[in-house]
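1. Here is my input, please return the structure:
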Amino acid sequence: MTSQPLPLPLTAVEDEQAYGGKAVALGTALRRGLPVPPGIALPADLVSAVACSPAARDAARTAAEQLGGPLAVRSSAVGEDGAASSFAGQHLTVLNLWDPDAVADAVIRVAESAAAPSALDYRRSRGDLSSPRCGVVLQRLVPAVVAGVLFSRNPVSGNDELVVEASWALGEAVVDGLVTPDLFRLDREGHLLEQVVGDKDRAVVPRPGGGTTTVVVEEHHARRPCLHPAQLEELAGLARRCDAIFGGPSDVEWAVAGSALALLQRRPITTCPR
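-> Have a look, this model is predicted:
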């Protein structure tokens, strides 16, 4: 009898069919020394049972207790963050959870988002008619002062340059389109080619007791660049390392807390012109 996959530290995750694409990519990144926050991967079979099985729910709660809060609960569907399909923005992420029961509830919600009509339509548009199987990553939340996305090749033009979009606090303000983020175009070494300061008039921040809230950013702060040259050079170094490890252009979500840069997820760029 084959044993069922168990929750694993991200450093030990290698089976994409069991744990999903995001967990495997983060595991690879950790093993290669990239700055990924600590996390635990829940396999898809366990995730699908959390809503109906007390044992599966207890396993999710135990994983949350082992990590300690605050936590981010992220999808890791089979096929997600792959070369053919990124699923960017298709699945739910729940941030700043402290209570293990709240984490278990979030695991259910994240799994349900993989079967939402929009996610299924995206899957079918990529020629995938299979039923979704969704693992989940529990990851220590980074208390970001600035966060955003990084492309190691221009996803619009295909030019060999880096594109960074950034805003204050948690990256959901950028990912969810709540602000006009700062835009930086860099060469491969991190030298600035273009800077366009956005209107970062709102920020998504952790809410006391759990969850997030959106706050107003004062005008003088909203119109100030949120990254300085040394940080841009560090992001360029992260992009180069991701490309070398994964063998192709990278779409990265990142965050800065204090002076430390963290890699939150890495996926291939699937929209680059050839």
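2. Where does the prediction get shaky in the stretch 151-274 of the chain?
-> 271-274 (pLDDT under 70).
3. which residues in it form helices?
-> According to DSSP state H, counting those that start in this stretch, the stretch 151-274 of the chain carries its helices in the segments 172-175, 219-222, 229-246.
4. JSON lines please, covering those and showing mean neighbour count.
-> C-betas here are computed from N, CA, C, even on glycine. Below are those laid out as JSON lines (neighbours: other Cβ atoms under 10 Å):
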{"stretch": "helix 172-175", "mean neighbour count": "22"}
{"stretch": "helix 219-222", "mean neighbour count": "12"}
{"stretch": "helix 229-246", "mean neighbour count": "18"}
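5. would TSV of those with distance to V94 be doable?
-> Formatted as TSV, the helices of the stretch 151-274 of the chain follow (distance: least, Cβ to Cβ, whole Å):
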stretch	distance to V94
helix 172-175	11
helix 219-222	26
helix 229-246	25
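6. My read is that W168 contacts L227, right?
-> No. Counting by Cβ atoms under 8 Å, W168 does not reach L227; the two are 10.6 Å apart.
7. Just give the number of residues close to P54.
-> When counting by other Cβ atoms under 10 Å, one arrives at 9 neighbours for P54.
8. which residues touch it?
-> Shown in contact with P54 (Cβ atoms under 8 Å, 6 or more residues apart in numbering): no residues.
9. Please shift the residue numbers so they start at 350 in all later answers.
-> In the new count, where the first residue is 350, that last one comes out as P403.
10. For W517 and L576, indicate the residue with more neighbours.
-> Counting neighbours by other Cβ under 10 Å for W517 and for L576 shows that W517 has the greater number, 26 against 19.
11. what are the ranges of the strands in the protein?
-> In the chain, the strands defined using DSSP state E lie at 357-358, 388-391, 420-426, 442-446, 483-489, 495-500, 511-517, 531-535, 541-545, 551-555, 561-565, 599-606, 609-617.
12. now those in CSV, with distance to R572?
-> Formatted as CSV, the strands of the chain follow (distance: least, Cβ to Cβ, whole Å):
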stretch, distance to R572
strand 357-358, 42
strand 388-391, 35
strand 420-426, 29
strand 442-446, 26
strand 483-489, 32
strand 495-500, 15
strand 511-517, 11
strand 531-535, 10
strand 541-545, 12
strand 551-555, 13
strand 561-565, 14
strand 599-606, 19
strand 609-617, 24
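13. For E583, find the nearest of the ones you listed.
-> Judged by Cβ to Cβ, the one of the strands of the chain that comes nearest to E583 is strand 609-617, at 5.4 Å.
14. Parallel or antiparallel, list what pairs with the closest one.
-> Applying DSSP bridges, strand 609-617 is found paired with strand 599-606 (antiparallel).
15. Which positions within the strand it pairs with qualify as buried?
-> By neighbour count on 16 or more other Cβ atoms under 10 Å, the buried set for strand 599-606 is 599-605.
16. try stretch 533-548
-> For stretch 533-548, by 16+ other Cβ under 10 Å, it's 533-535, 539, 547.
17. What of stretch 524-534?
-> Using 16+ other Cβ under 10 Å as the test for burial, stretch 524-534 gives 524, 527-531, 533-534.
18. So which residues make contact with that stretch?
-> Contacts for stretch 524-534 (Cβ under 8 Å, 6+ apart): 438, 497-498, 503, 510-516, 521-523, 541-553, 563, 574-576, 581, 602.
19. quick one: contacts for the spatially closest residue to S599 that is not a sequence neighbour?
-> The shortest distance from S599 to any non-neighbouring residue, by Cβ to Cβ, 6 or more residues apart in numbering, is to C591 (4.0 Å). By Cβ under 8 Å, 6+ apart, C591 lies in contact with 378, 383, 501, 599, 601, 612, 615.
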